[in-house]
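J.: kindly generate the corresponding structure for this input.
(chains A and B)
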Number of protein chains: 2
Amino acid sequence: MPPAPLSRSGKSRRTTDSPITYFIKKALETPGLVSFAAGLVDEGSLPVDEVRAAATEILSDPRAGQTALQYGSTHGMPELRRQVLDLVCGLDGVNPSDLNLTPNDVCITTGSQQLLYLLGEVMFDPGDIVISEAPSYFVYHSLLQSHGAEVLTVPMDEHGMDVDALDALLDRLRRSGDLPRVKVIYTVDYFQNPTGLTLSLERRKRLVEIAKRYSTAHRILILEDAAYRELKFSGPDLPSIKSFDPANEFVVYTSTFSKPCAPGLKTGYAILPPDVLAPILHLKGSHDFGSTNLSQHLLSRMMASGAYQAHAEKLRTVYRNKRDLMLSALESEFRDFPAARWTVPDGGFYVWFTLDGVDTGPNGPLVPAALEAGVLYVPGEFGHVPDANGHMPKNECRLCYGVATEPEITEGIRRLRKACAAVAAGKPKKEPVGV
Amino acid sequence: MPPAPLSRSGKSRRTTDSPITYFIKKALETPGLVSFAAGLVDEGSLPVDEVRAAATEILSDPRAGQTALQYGSTHGMPELRRQVLDLVCGLDGVNPSDLNLTPNDVCITTGSQQLLYLLGEVMFDPGDIVISEAPSYFVYHSLLQSHGAEVLTVPMDEHGMDVDALDALLDRLRRSGDLPRVKVIYTVDYFQNPTGLTLSLERRKRLVEIAKRYSTAHRILILEDAAYRELKFSGPDLPSIKSFDPANEFVVYTSTFSKPCAPGLKTGYAILPPDVLAPILHLKGSHDFGSTNLSQHLLSRMMASGAYQAHAEKLRTVYRNKRDLMLSALESEFRDFPAARWTVPDGGFYVWFTLDGVDTGPNGPLVPAALEAGVLYVPGEFGHVPDANGHMPKNECRLCYGVATEPEITEGIRRLRKACAAVAAGKPKKEPVGV
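T.: Below is the predicted model:
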């Protein structure tokens, strides 16, 4: 006899497996498949030697080794917090004091993902509103579903989030009496996951001005997810949105060492207002009372020696080459395919590929055609939320060149073209996938 | 002008800083203080050489190094999950198949603390009930407060949780119609934090039988927190409560590498029913999509080489010596102090010290007297929840010999005696602390 059923929480009942899990699983199961789906980093350039050198240094010194292997603190290693602050302020060309910041305004988390989760826990009750870009980071949307938050979106163009549309949306919400539910404006402002687009300088300033202007009865926070910032290989150097928040009141800046260094160290960080930090640390105390201490010591050592900075510089070349390869493969394969267009990222891992008139979704014809041709992408619709009429764009693909090797990139785009040609010719070979 | 106030979630408003934070901070601020307060591990025995050897092996092999530095999975490294299952089943003297278990029933978490949190998220809505031992693990109580769960307790004696009292409590809850709110029975069943007490063999069986018997309309889970199990240095080998759940339905077993290996690797694990695991992994996907991969590879390597097992064996001697030293210091300092008695743990880090008629709480006279004498403990009341009349025991102390050195243990107990003598003589030297 089966046991009595579990009586799970409302939050658990709201939480489902991410649809992207199916795609990752498919990629792992299919030998020879070129995956542009998984958002993994380039394997060959992982800093194996650099981490070994840092580990050897730390663990050859009994005192340093013991400190790294003991419990750390919930807040994170003080020296690493100082280094993070210097890193970010360095990118912004300011001193920490210009932004009213000290290392106490930094916290270390289990990847930037944990910060996204914790901020959600601190801010959202079911029914609260988050405003994000359309499209936006898939996993953040799953997380908001767990918290019961409602996602409203504003469109993007080549300059990133359309801040006029944001202003108009907030105005509508104010008039409908829904402004009290608006807690956070979320943006991946550098080489966005999934579109590769970047928020322009002028819009960065406007974003802070808009958040302030609507923060009359309660504060609306901007969550600036700068995960890809250090992987910039072209275009202008843009200051963070955070740099337009000189009193440290409105912007939560988060980033990670996973992209510019190594995901296996699972270390991210945030710079945030003190009255947001305190409740985050209280909750983090219950989650884990501190992220992996050894990883923090390794990263701090690599930053002190310059190995981290040199590695990030190397990665910029690695990913520039991969981007160039993907763009030139797209150019040669899809030149004569007028339905196709794509973005040109200045950094990060992602090209956003649009196919007019082709259903790229999990139940459309392109997914099975692509699998048959031996390539996989993430359907763009996973990054969208349906509008009031249940509609969303279904003709986009996220193409990630992070983990694919250079020969795979060329071959994968060739296969994608083959799949598109098959669909255009109206001959999908397999049943829809039905995720 | 200050910015508009934050509008935080109900969960955040329920979450406060752990009162123990004050004590940890006090310990760090006071030079020369002997701290029996912090639950840290022995520093000198941390496996610095063992971790260095594993790191060197992994990171000298580019392929192995890249795998360890890439993203892992939410579920955890497959090989480590297999090793964990073999470890636990080995301690229980059974085969995984005897308990209907495979490595897929194991998940890897950011310390066992994260498992405690995630299980809470999956199971509790505000107003749900958790039954725990009195006293119980402080941090777990904080976590339950975040989730809005109500803690009901059953007393302990020298055989651990009083299961007859548990049965009677569940019967009362059934009669009052409150049984549907009961989700989890929590026990730290080996050398409990904070009392050092261990659940007897007979009660382990009874506990599962009771949970099953009351699981008529919904399942009541047992959360077996075995964090200290591998640090056993005397007494009988006791099988896990999990081993009395052969169909893998009622017991969530969690433990950690922090105690028998190194907290700095921040890796714990759980063995649990599939219908509990799945929703935990869905939420963990939103928290962090996997704990630190490098730590998992280091631990897997140390388990494969035998370094982990040899180190845990060494630790059992280290902590036995420390326990013996604390017990003999207590014996010599408090022999003539009839108000004092204490537990004799068979493993772990904790002695539970009771002082009849002395208020050991944060606002009582002993805390300032102890600080003046140069020693710190955790007031026992932090492990209790008030009963229906608001009462709880206020004459107990948790004494942790984990991080104190051997000379500090002897000196710390001497100072504690001095503080007790001062309080007994009615001359507290300072104002109450007022946490």
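
J.: what is the mean pLDDT for stretch A:176-192?
T.: In this model, stretch A:176-192 has an average pLDDT of 98.

J.: so which bits of that stretch are buried?
T.: A:179, A:181-192 (16 or more other CB atoms under 10 Å in any protein chain shown). Where C-beta positions appear, they are placed from N, C-alpha and C, glycine not excepted.

J.: need those in TSV (columns: secondary structure and distance to chain B).
T.: Listed next are these as TSV, based on DSSP: H, G, I helix; E, B strand; the rest coil; distance: CB to the nearest CB, whole Å:
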residue	secondary structure	distance to chain B
A:L179	helix	11
A:R181	helix	9
A:V182	strand	9
A:K183	strand	7
A:V184	strand	11
A:I185	strand	14
A:Y186	strand	14
A:T187	strand	19
A:V188	coil	16
A:D189	coil	21
A:Y190	coil	20
A:F191	coil	19
A:Q192	coil	19
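
J.: how about the helices in the stretch 201-350 of chain A?
T.: Along the stretch 201-350 of chain A, counting by DSSP state H, counting those that start in this stretch, helices occupy A:201-214, A:274-287, A:293-305, A:307-334.

J.: highest mean neighbour count out of those helices?
T.: Most buried of the helices of the stretch 201-350 of chain A, by mean neighbour count (mean count of other CB atoms under 10 Å in any protein chain shown): helix A:293-305, with a mean of 24.

J.: check which helices and strands it sits against.
T.: Judged by 3 or more CB pairs under 8 Å, 6 or more residues apart in numbering or on different chains; DSSP states H and E, the packing partners of helix A:293-305 are helix A:48-59, helix A:62-69, helix A:78-92, helix A:307-334, helix B:293-305.

J.: save those as TSV, and put in mean pLDDT and distance to B:T267 too.
T.: As requested, the helices and strands packed on helix A:293-305 are exported to TSV (pLDDT from 0 to 100; distance: least, CB to CB, whole Å):
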stretch	mean pLDDT	distance to B:T267
helix A:48-59	98	16
helix A:62-69	98	12
helix A:78-92	98	20
helix A:307-334	98	24
helix B:293-305	98	5
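
J.: nearest to B:H384 among those helices would be which one?
T.: helix A:62-69 (32.5 Å; CB to CB).

J.: any idea of the angle the closest one forms with helix A:293-305?
T.: Relative orientation of helix A:62-69 and helix A:293-305, computed by axes from the mean of the first three to the mean of the last three CA atoms, to 10 degrees: 120 degrees.

J.: how about helix A:62-69, does it reach chain B?
T.: Yes: using CB under 8 Å from any CB of the partner chain, helix A:62-69 reaches chain B at A:62, A:65-66, A:68-69.

J.: out of those, which one sits closest to A:S132?
T.: If you rank these by distance to A:S132 using CB to CB, A:A68 comes first, at 37.3 Å.

J.: got a list of what that closest one touches?
T.: A:58-59, A:293-294, A:297-298, B:264 (CB atoms under 8 Å, 6 or more residues apart in numbering or on different chains).

J.: so which two of those are the farthest from each other?
T.: Applying CB to CB across the contacts of A:A68, the maximum distance is between A:L59 and A:N293, 12.9 Å.

J.: and the end-to-end length of stretch A:359-372?
T.: The straight-line separation of the ends of stretch A:359-372 (CA to CA, to the nearest Å) is 16 Å.
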